[in-house]
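# Have a look at this prediction, sequence included:
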Amino acid sequence: MEEVFAQLTEEGFLERAVGKGTFVAATISRLTAPAPARTLRYSRQPKPSRRGRSVSANAACREPEELRPFNAGIADTSEFPWQQWHRLEVRAARELGRESLTFADPRGLPQLRAAIAHYLAQFRGIRCRPEQVIVFNSAQQALNALAVLLLDTDDRVWLEDPCYLGARAAWERLGSAGVVPVPVDEHGIRVEAGIRIAPRARLAYVTPSHQYPTGVVLSLERRLALLEWAARAGSWIIEDDYDGEFRYHGQPLTALYSLDSQARVIYIGTLNKSMFVSLRLAYAVVPEELLEPLANIRTQFDGFTPAPQQMAMSMFMEEGHFSSHLRRMRAVYAGKRAMLIDGLAPLRAEGWTWPEIPAGMHLLARHQNCQYVRAVAQKSELDLAVLSSYRLAPARGDGLLLRFGALSLSAIENGVARLVEAARKVHGS
């Protein structure tokens, strides 16, 4: 009992005086009982900031809790070599020993940075030193860190329109950073439009190899124009190569980074898309003068990426398992994409179109009638994202984003059949 009284006295709930006794502290009268949960909405509760409400309202950035047609743009794990990966995890833990229990380098484990640099040189034509690579948990985290590092609140940013919503959130999270929507056509971002609207923009964010969400490729002419603008304006370009490994005919396209002679391009890639979503490993290739400032910002986000996952991934890459896995998954995703396109074929007669570019884990089916597109999405009862939700400025036509990466062949077949049926019913009515 004495311990209880001593604890309450120490916390200020009781007052003790020698020769007088123990009393309830006078400050207790200022405490009020918590209001019942049902009445909280009527009291003046603190609210998130306007910026916080704007960013948190973007529910489209969240991954779905249940995979179904067509919300599954993540990696298919049915073909993943789990036993091989598990053995490497055990080896990684053994080699790291007690080092795995302490802080890791915020720039990333040297072994993984070297493995990524070697992979980029061999398969993406990117020549960089391991020291230029910094490891993150995700491409989104890399974007958030780069936004803090590179942008002041009055800077302007070119953003593809339509765009990847995570990039939009990264720039808008800074508050007053001016996001400039630059339209995308069949040849990618319209560089001349960006120059006309915001010639002195601080940064341009692009997905040149497979634009998200339209799936188009940035033409060589526009790539060169973009690089010339960045060099002339002293601006940065962030190249997000989120699924550059998955091109199903010919070789992967040359990265914008490889064409840059002025060190204006920052290259972002992810291993979560090609391995499995819970891996939480991505990377950025940056000029060396940005490396330490970016690593310092990284420490303020979450410190570092755990070393065991990094070590296992470096072994997976060094021993050739990663390249073998990519070859296998290219065939898997190519088959899924072919099944999806075959199933959509009847919709061509009703005015639907989609890119012929054989790449990626999503396909955008477009139509000029916006009301028709939204009606089809509702009628199908599938999990479909509409193109207009990825736009910053109004534009003609709309579309349905079909994300199929983690879906089985049977789920794709069933889903596309339901989509075609819904489109026919809406068209007929």
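Sure, I can see it.

# Which stretches in the protein count as helices?
Counting by DSSP state H, one finds helices in the chain at the ranges 2-10, 50-56, 82-96, 110-123, 139-150, 165-172, 191-197, 220-233, 256-259, 288-301, 307-318, 321-344, 370-380, 409-428.

# Which one of the ones you listed lies nearest to His362?
His362 lies closest to helix 321-344 among these, at 9.2 Å (CB to CB). (Each C-beta comes from the backbone N, C-alpha and C, glycine too.)

# tell me the domain boundaries of this structure?
Split into domains by automatic domain parsing, the chain comes to 2-30, 55-76+324-428, 103-323.

# now Ser78: how far from Cys370?
Look at Ser78 and Cys370: by CB to CB, to the nearest Å, they are 36 Å apart.

# more crowded one of the two?
The neighbour comparison of Ser78 against Cys370 (other CB atoms under 10 Å) goes to Cys370, with 17 against 8.

# Quick check, the more buried one in contact with Ala395.
No: the criterion here is CB atoms under 8 Å, and Cys370 misses it with Ala395 at 9.7 Å.

# what stretches of the stretch 1-150 of the chain score poorly on pLDDT?
29, 33-63 (pLDDT under 70).

# mind redoing it with 50?
Within the stretch 1-150 of the chain, the set of residues satisfying pLDDT under 50 comprises 42.

# Determine the longest strand present in this protein.
Assignment by DSSP state E gives strand 178-185 as the longest strand of the chain.

# List the pairing partners of that strand within its sheet, with orientation.
Neighbouring strands of strand 178-185 in its sheet, by DSSP bridges, are strand 156-161 (parallel), strand 188-189 (antiparallel).

# Determine which of those strands approaches Lys379 most closely.
strand 156-161 (27.6 Å).

# roughly how far apart are the residue nearest to Met317 when sequence neighbours are not counted and Gln132?
Of all residues not flanking Met317 in the chain, Ala115 sits nearest, at 4.0 Å (CB to CB, 6 or more residues apart in numbering). Counting by CB to CB, the gap from Ala115 to Gln132 is 14 Å.

# pretty sure Arg222 contacts Val191?
Yes: using CB under 8 Å, Arg222 is in contact with Val191, at 5.2 Å.

# between the two, which one's more packed in?
The residue with more neighbours, out of Arg222 and Val191, is Val191; 24 against 19, by other CB under 10 Å.

# correct me, but the residue nearest to Met317 touches Glu319?
No: the criterion here is CB under 8 Å, and Ala115 misses it with Glu319 at 9.8 Å.

# which of those two has more neighbours?
Set Ala115 next to Glu319 and count neighbours by other CB under 10 Å: Ala115 wins out with 22 against 13.

# Please report how far the more buried one lies from Ala121.
Ala115 is 11 Å from Ala121, by CB to CB.

# for Phe23, same thing?
76 Å.

# For burial, what's the neighbour tally of Glu356?
Here the number of neighbours of Glu356 (other CB under 10 Å) works out to 7.

# I meant Thr22, not that one.
A count of nearby residues for Thr22, using other CB under 10 Å, gives 11.

# got it, and Pro106?
Pro106 has 21 neighbours, counted by other CB under 10 Å.

# residues touching the residue positioned nearest the centre of the chain, list them.
Geometric centre of the chain, nearest residue: Gln140, 4.3 Å, by CA atoms, centre = their mean. Contact partners of Gln140, counting by CB atoms under 8 Å, 6 or more residues apart in numbering, are Gly166, Ala170.

# And the nearest residue in space to Ile74 that is not next to it in sequence, what's its pLDDT?
Residue nearest to Ile74 in three dimensions, not counting chain neighbours: Val277, with 4.6 Å by CB to CB, 6+ apart. pLDDT recorded at Val277 is 95.

# Val277 touches Ala75, doesn't it?
Yes: Val277 lies in contact with Ala75 (CB under 8 Å); the separation is 6.1 Å.

# Who has more neighbours out of these two?
Comparing Val277 with Ala75 by other CB under 10 Å, the one with more neighbours is Ala75, at 26 against 16.

# And the nearest residue to the more buried one once chain neighbours are set aside, how far from Glu289?
Once flanking residues are discounted, Ala75 sits nearest to Phe276: 5.3 Å by CB to CB, 6+ apart. Phe276 is 34 Å from Glu289, where distance means CB to CB.

# Can you pick out the residue with more neighbours from these two?
Higher neighbour count among Phe276 and Glu289: Phe276, with 17 against 9, using other CB under 10 Å.
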